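Asker: sequence plus predicted model, see below.
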Amino acid sequence: MRNMPRMLITAACGLAVVFSLQTQAHAATSTQILACQKAFESAVRGFSALASTQLLNCTERVVECKLAQAIDGIDPTSCLATASSYCANVPTKVANSRASKESRVNTKCVLLSLAEVEDFVGGLGFFNVFNGCSAGNLSDLVTCVFSDSKCALEHEAFIIDPRAQDSLTTAGVAGSFPCVGP
């Protein structure tokens, strides 16, 4: 019995060494880390471009109808129906793009440990994002980054088109874009 603590300490040290060796054996290479970073950047950029274009095309169509009515006295009913029809598909297009891009990032980065994603030195440097998002794993981080990107581009749409919120409300899709506004 007296040797029990010593045996437990020895066993624990042995497990720590084995775990350390396994972790080192499975550490990602710089090529894998860079591939993850490139996939992340490319996916977020691609998603943001599509989402921004779809969102602004929707708002522009509604604004065109309203301005034609206000300036030229044209009945906006048909124009707004066409614009609303276009806008009705935008939330689905944005959601599908986001899901596809998130999946691509998760697949490309699956070989990285959380430390390699979080660490600034020897990793991708997402430590602040992890903390800010309360992310517990890579999938949580990816979802958070895409959510933040979507919100940022929605706010940018409002800056580009101050009537964006009104246009989205008119088209019946404002609820899908909660960050459009000041």
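Answerer: In hand now; what should we look at?
Asker: geometric centre of the chain: which residue is closest?
Answerer: The residue lying closest to the centre of the chain (Cα atoms, centre = their mean) is residue 146, at 0.7 Å.
Asker: list the contacts of residue 178.
Answerer: 151, 154 (Cβ atoms under 8 Å, 6 or more residues apart in numbering). Heads up, the C-betas are built off the backbone N, CA and C, glycines and all.
Asker: go through whichever strand or helix holds residue 102 and flag the buried ones.
Answerer: Here residue 102 is covered by helix 77-109, with elements defined by DSSP states H and E. Buried residues in helix 77-109, counted by 16 or more other Cβ atoms under 10 Å: 79-80, 83-84, 87, 90-91, 94, 97-98, 101-102, 104-106, 108-109.
Asker: one more: stretch 152-160?
Answerer: 153-158.
Asker: what is the nearest of those to residue 32?
Answerer: If you rank those by distance to residue 32 using Cβ to Cβ, residue 153 comes first, at 28.9 Å.
Asker: pLDDT weak spots in the chain?
Answerer: Along the chain, the parts satisfying pLDDT under 70 run over 1-26, 121.
Asker: please, where are all the helices along it?
Answerer: Ranges of helices within the chain are 4-25, 30-72, 77-109, 114-118, 127-133, 138-160, 164-171, based on DSSP state H.
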